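# here you go, sequence then predicted model.
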Amino acid sequence: MTVLCKGFKAAGVSAGIKKTTGLDLGLIYSETPATAAGVFTRNLIKAAPVLLDQARLRSGEARAIIVNSGNANCCNGKRGMDDAAAMARSAAIALNIPEALVLTASTGVIGAPMPIDLVTAGVPGLVEALSPEGFPDLALAMTTTDTYPKLFHYEGRIDDIPFNIVGVAKGAGMIHPDMATMLCFVCTDLQVSSEVLSETLKAGSDLTFNRISIDGDTSTNDSILIMANGASGAAAVTLEQKEIFQNGLFKVLDELSIMVVKDGEGASKTVRILVEGARSDRDARIVADSVSESCLVKTAFFGEDANWGRIMMAVGKSGAYVDPDRIDISFDHVKMVENGVGLGDDAEAEASSVLRQDRFTVLIDLRLGPGKADVLTCDLSIDYVKINADYRS
């Protein structure tokens, strides 16, 4: 038996929520008390599970997360809040734990009433299916337009005692986290205070999930939740050991966020937009976001067209201070633009060969100062339009 994270069990089952067959109801359960933290969408329209979790996480504790796919439970008014609470209550009863220790998450169509009877009917079988090896089924139950489930396991040591961090994520469209539809759940068998957990999760998400963009849309349901139960037997994480835990958590979040971009709806290329030489890190991030969100830039990536003029356009409209006569642009090692001027057909032909790769970096050097930032994005393909044109049908 493969135990990914001591003291945690997970499961995924089919409850009939999705319009297609497949797993659509998942659960993570800590067998012992756990600290918990979360970061959530900054979209002013928030789904009922987000509002419920934000309230419950004020205690810094949780024992379980129940999640469904196929319905976002968003914009459903009081009924939505009642359904989110009923979802948590059914899991709490089946697990014999306080309802306040159950968090919820949903992903799918916005504005459709939650089929709560299907959810509550599926919970007993979901609890029965719980297993230390159940994380792959959980990851699959969270998916919507994803082409594969996303799971990453990290093992580290503190005082020569091994510990685990395991994370699952979903998200292939509506991705531009501002904390994509994006959900991520992380478990660790380290003993971590809720304060350290919250601080480290926020820092980690800012450097990973908050630096990816597929289509520029920030979901109503974006949530990253983490639980820590101390089952590894290692001593509680101290301030001196915080970096060890932080490095492990950042690795998990980074790998999962890369998987999300790579699996963007219809995506065929993963592209890192790296901006250097800005007046400040903030300016660099503004430019990186502008380029990564540009439909014209992203369609050029799909067409394998080294159309650097579109990148210059996106840099110029970003709102950051730039000097057009100082900008250099490179695709991987191939410089296309120097001092704001293209370097000719030979450079363009060489750059086009870079664009035929499924992963590459666009380096934009503003040559104005020490500021730098990077964002991970993808191309925008014909399949993206097809997938989202009939998402509800």
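Nice, I can see it.
# tell me the SS of residue 106?
strand (DSSP: H, G, I helix; E, B strand; the rest coil).
# where do the helices sit along the stretch 201-350 of the chain?
242-262, 281-293, 295-302, 308-316, 345-355 (DSSP state H, counting those that start in this stretch).
# next, count neighbours for residue 112.
Residue 112: 15 surrounding residues under other Cβ atoms under 10 Å. To be clear about C-beta, it is placed using only N, CA and C from the backbone, and glycine gets the same treatment.
# leaving aside the residues adjacent along the chain, what's closest to it?
Using Cβ to Cβ, 6 or more residues apart in numbering and skipping the chain neighbours, the partner closest in space to residue 112 is residue 71 (5.7 Å).
# give me the neighbour count for the one you found.
26.
# swap in residue 243?
Look at residue 243: counted by other Cβ under 10 Å, it has 11 neighbours.
# picking up where we left off before, ok, the residue nearest to residue 112 - contacts?
Each residue near residue 71 by Cβ atoms under 8 Å, 6 or more residues apart in numbering is listed here: 17, 106, 108, 109, 112, 113, 114, 115.
# any buried residues in stretch 104-122, and which?
Applying a neighbour-count criterion of 16 or more other Cβ atoms under 10 Å, one finds 104-108, 110, 114-116, 118-120, 122 buried in stretch 104-122.
# what's the closest of those residues to residue 293?
residue 110 (20.9 Å; Cβ to Cβ).
# circling back to that earlier point, report the beta-bridge partners for the residue nearest to residue 112.
residue 107 (DSSP bridges).
# read off the pLDDT value for it.
On pLDDT, residue 71 comes in at 93.
# pLDDT below threshold where in the stretch 1-150 of the chain?
Applying pLDDT under 70 to the stretch 1-150 of the chain flags the ranges 1-3.
# let's see it at 90
Low-confidence segments of the stretch 1-150 of the chain, defined by pLDDT under 90: 1-4, 18-21, 41-45, 108-112, 144-148.
# would you map the strands across it?
8-13, 25-40, 61-69, 102-107, 150-158 (DSSP state E, counting those that start in this stretch).
# so which of those strands is the most surrounded?
Highest mean neighbour count among these (mean count of other Cβ atoms under 10 Å): strand 102-107, with a mean of 29.
# what helices or strands is that one leaning on?
helix 48-56, strand 61-69, helix 77-95, strand 183-188, strand 223-228 (3 or more Cβ pairs under 8 Å, 6 or more residues apart in numbering; DSSP states H and E).
# mind redoing it with 10 Å?
On a contact count with 3 or more Cβ pairs under 10 Å, 6 or more residues apart in numbering; DSSP states H and E, strand 102-107 meets strand 25-40, helix 48-56, strand 61-69, helix 77-95, strand 183-188, strand 223-228.
# got the CA coordinates for the third one in PDB?
What follows is the C-alpha trace of strand 61-69 in PDB, where atoms were taken according to Å, rounded to 0.1, in the frame of the first residue of the first chain:
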ATOM      1  CA  GLU A  61      -8.600  24.000  11.800                       C
ATOM      2  CA  ALA A  62     -10.200  21.500   9.500                       C
ATOM      3  CA  ARG A  63     -10.500  17.700   9.100                       C
ATOM      4  CA  ALA A  64     -12.000  17.200   5.700                       C
ATOM      5  CA  ILE A  65     -12.500  18.800   2.200                       C
ATOM      6  CA  ILE A  66     -15.400  17.600   0.000                       C
ATOM      7  CA  VAL A  67     -15.400  18.700  -3.600                       C
ATOM      8  CA  ASN A  68     -17.600  18.200  -6.600                       C
ATOM      9  CA  SER A  69     -17.200  18.900 -10.300                       C
END
